[in-house]
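Enquirer: Take a look and give me a structure for this.
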Amino acid sequence: MSAEPSVVEPVLRQDSPAEGGPAPHVQFGETPSMALLALERLDLFVVVLTLFGCLLAFQEPLTGDYAGLAGVAVILCGRFITRPDLRSNLGFGARTLVMMPRLLMEWATVVGILLFAGFALKISDSFSRAVLLTWFTVTAVALALTQEIQGQVSRWLYARGTFASTFVVVGVTKVGLELVRRIPDQTFLGFFDYRSRERLALAAPDTPAVSGCANLGNFVREHGVAAVYIALPIANAPRIRNLLADLRNSTTSVYFVPDVFAFDLIQGRVVDLNGIPALAICDTPLRGTNAFMKRMLDLALALATLPVLVPVCAVIALAVKLSSRGPVLFAQRRYGMDGEEILVYKFRSMTVCEDGGQIRQASRDDARITSLGRFLRRTSLDELPQILNVLQGKMSFVGPRPHAVAHNELYRRQINGYMIRHKVLPGITGWAQVHGLRGETDTVDKMAQRVRFDLEYLRNWSLSLDVRILVKTVIVVLKGDNAY
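Expert: Residues are numbered from 1 along each chain as shown. Okay, here's the model as predicted:
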């Protein structure tokens, strides 16, 4: 154990650390001020104000139905409208160019859910169509203007130091350095560590001046430090206890930050288990509201497309029956969510219906593919019966593509993390497919690349990401690359 280093006064820093470097896929907790929260969620007030403004413009009375609509819209916007980055240095107008595409997509998602709920519950006649159409249009513009205003106001307030609070970090570790990068809206006063400056210079040469931990309590009290983040390894429990005892004689807030970089996190976040905090290492994003909203999107798309797809499917079914011997539909065992075995339906495109312990993947110029089947596979029309799987709740429109059971058993032993892709519903299309990873995976490396995109989808899942994938899928299908 090294001797206690000499005390060095931490350097006051007003600037935020440089951006860059990978950020951990974990949701850090925040303790923002009420003023900051109000500014971040100004868009929720705008959604309500524009609705009431449309009612006044069309001289419609404010009924309980409209009040309920406003409440539901606020809840959905709080879930789907991304909070603006109030620390961004983008100038006036540039913020709109960057945020507008995503903002329009998120607002369109909210509008789609509201319309679906209105028709499903048979309450759409309670609302004026003129009011709703005007509200939908005006709100999209109002949200963009609001984010411009938020950006300008926040820059002015940050310049005045309105939102600034002070903090120190105990432990020059990877997570400690990341903490400083992730909370630039507060004033960082410096690091504290048990190691000598010589050892720290080798571990982190660019670290600002560091003080010994024996000085922590006095420094916190003398400078009125608002928060202390302890980023020491959990193995240093005795030292952490000593630090906590030293800090009890102050009013500072103390947080212990585990080293999240030690794990490959899938949906990493802190959860509460009946009063016991726990760090989620590998979990599904589809819990609670997320699962409900994704299911509503699947049902809305399925029901909206059925009137068009039914006659198309009927024509394809007749063509399959007349063009070659065998069943119209081909059902194959595949793994669904949590590894549940499901039957996935496709229009038969080959002369065989393999579903055994060994299955040979279709390849380019495969003799087993029928002449009609080649067209169906190139245009992905053979996948249309999977709408039935979506209606059953066994699949989603977007998710990792399900593989045959035989292929799962093969690749789960060769690719690390392969089975994690089953933490969500399999999809008709997915993040890997829109990146060109369609068709045959004749090598383990190709399958590993597909799995890498599937896991990236799990880490970053959002409803807006699903919508992006659906739009990209249309483009990919039209190109017809790697489809045979």
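
Enquirer: got the CA positions of the host helix or strand of residue 75 in PDB?
Expert: Assessed by DSSP states H and E, residue 75 sits inside helix 64-80. Extracted in PDB, the C-alpha atoms of helix 64-80 (Å, rounded to 0.1, in the frame of the first residue of the first chain):
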ATOM      1  CA  GLY A  64     -63.700  16.200 -20.800                       C
ATOM      2  CA  ASP A  65     -62.700  14.300 -24.000                       C
ATOM      3  CA  TYR A  66     -60.300  17.100 -25.000                       C
ATOM      4  CA  ALA A  67     -58.900  17.300 -21.500                       C
ATOM      5  CA  GLY A  68     -58.300  13.500 -21.500                       C
ATOM      6  CA  LEU A  69     -56.700  13.800 -25.000                       C
ATOM      7  CA  ALA A  70     -54.300  16.500 -23.600                       C
ATOM      8  CA  GLY A  71     -53.400  14.300 -20.600                       C
ATOM      9  CA  VAL A  72     -52.700  11.200 -22.800                       C
ATOM     10  CA  ALA A  73     -50.700  13.400 -25.300                       C
ATOM     11  CA  VAL A  74     -48.500  14.700 -22.400                       C
ATOM     12  CA  ILE A  75     -47.800  11.100 -21.200                       C
ATOM     13  CA  LEU A  76     -46.900   9.900 -24.700                       C
ATOM     14  CA  CYS A  77     -44.700  13.000 -25.400                       C
ATOM     15  CA  GLY A  78     -42.900  12.500 -22.200                       C
ATOM     16  CA  ARG A  79     -42.200   9.000 -23.300                       C
ATOM     17  CA  PHE A  80     -41.400   9.500 -27.000                       C
END
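
Enquirer: Buried residues in that helix, which are they?
Expert: Buried residues in helix 64-80, counting neighbours by 16 or more other CB atoms under 10 Å, are found at 66, 69-70, 73-74, 76-77, 79-80. C-betas here are computed from N, CA, C, even on glycine.

Enquirer: which one of the residues you listed is nearest residue 261?
Expert: residue 79 (28.8 Å; CB to CB).

Enquirer: which secondary structure elements does the next helix or strand after the helix holding residue 75 contact?
Expert: Note on helix 64-80: by DSSP H and E, the next helix or strand toward the C-terminus is helix 94-120. Applying 3 or more CB pairs under 8 Å, 6 or more residues apart in numbering; DSSP states H and E, one finds that helix 94-120 contacts helix 64-80, helix 129-160, helix 289-323, helix 463-479.

Enquirer: Quick one, which of those helices gets closest to residue 247.
Expert: Closest approach to residue 247 among the helices and strands packed on helix 94-120 (CB to CB): helix 129-160, 28.0 Å.

Enquirer: now that closest one: mean pLDDT?
Expert: Mean pLDDT, computed over helix 129-160, is 80.

Enquirer: Quick one: end-to-end distance for stretch 412-420.
Expert: One end of stretch 412-420 sits 10 Å from the other (CA to CA, to the nearest Å).

Enquirer: now swap in stretch 181-194 and tell me
Expert: End-to-end distance of stretch 181-194 (CA to CA): 22 Å.

Enquirer: buried stuff in that stretch?
Expert: For stretch 181-194, a neighbour-count test (16+ other CB under 10 Å) marks 183, 185-194 as buried.

Enquirer: quick check, nearest of those residues to residue 133?
Expert: Nearest to residue 133 among the buried residues of stretch 181-194, counting by CB to CB, is residue 185 at 38.8 Å.

Enquirer: in terms of contact, does residue 319 touch residue 372 like I think?
Expert: Yes - contact criterion CB atoms under 8 Å: residue 319 and residue 372 qualify, at 5.8 Å.

Enquirer: Compare the two (neighbour count), which wins?
Expert: residue 372 (19 against 15; other CB atoms under 10 Å).

Enquirer: now that one, what's its secondary structure?
Expert: Following DSSP: H, G, I helix; E, B strand; the rest coil, residue 372 is assigned to helix.

Enquirer: Tell me how far it lies from residue 387.
Expert: 20 Å (CB to CB, to the nearest Å).

Enquirer: likewise residue 144?
Expert: Per CB to CB, residue 144 is found 35 Å from residue 387.

Enquirer: Of the two, which one has the most company?
Expert: Ranked by neighbour count (other CB under 10 Å), residue 144 and residue 387 place residue 387 first, with 22 against 18.

Enquirer: Assign that one to helix, strand or coil.
Expert: Under three-state DSSP, the three-state class of residue 387 is helix.

Enquirer: Relative to residue 346, how far out is it?
Expert: Per CB to CB, residue 387 is found 11 Å from residue 346.

Enquirer: isn't there a strand covering residue 250?
Expert: No - looking at residue 250 with three-state DSSP, it is coil, so not inside a strand.

Enquirer: Now for it: which residues touch it?
Expert: By CB atoms under 8 Å, 6 or more residues apart in numbering, the contact set of residue 250 is 217, 220-221, 225.

Enquirer: For those residues, pick the one with the most neighbours.
Expert: In terms of neighbours by other CB under 10 Å, those top out with residue 220 at 24 neighbours.

Enquirer: re earlier: make CSV from the helices and strands packed on helix 94-120 and add distance to residue 393 to it.
Expert: Converted to CSV, the helices and strands packed on helix 94-120 look like this (distance: least, CB to CB, whole Å):
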stretch, distance to residue 393
helix 64-80, 21
helix 129-160, 30
helix 289-323, 7
helix 463-479, 16
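
Enquirer: Out of those, which gets nearest to residue 454?
Expert: Going by CB to CB, the one of these nearest residue 454 is helix 463-479, 11.9 Å.
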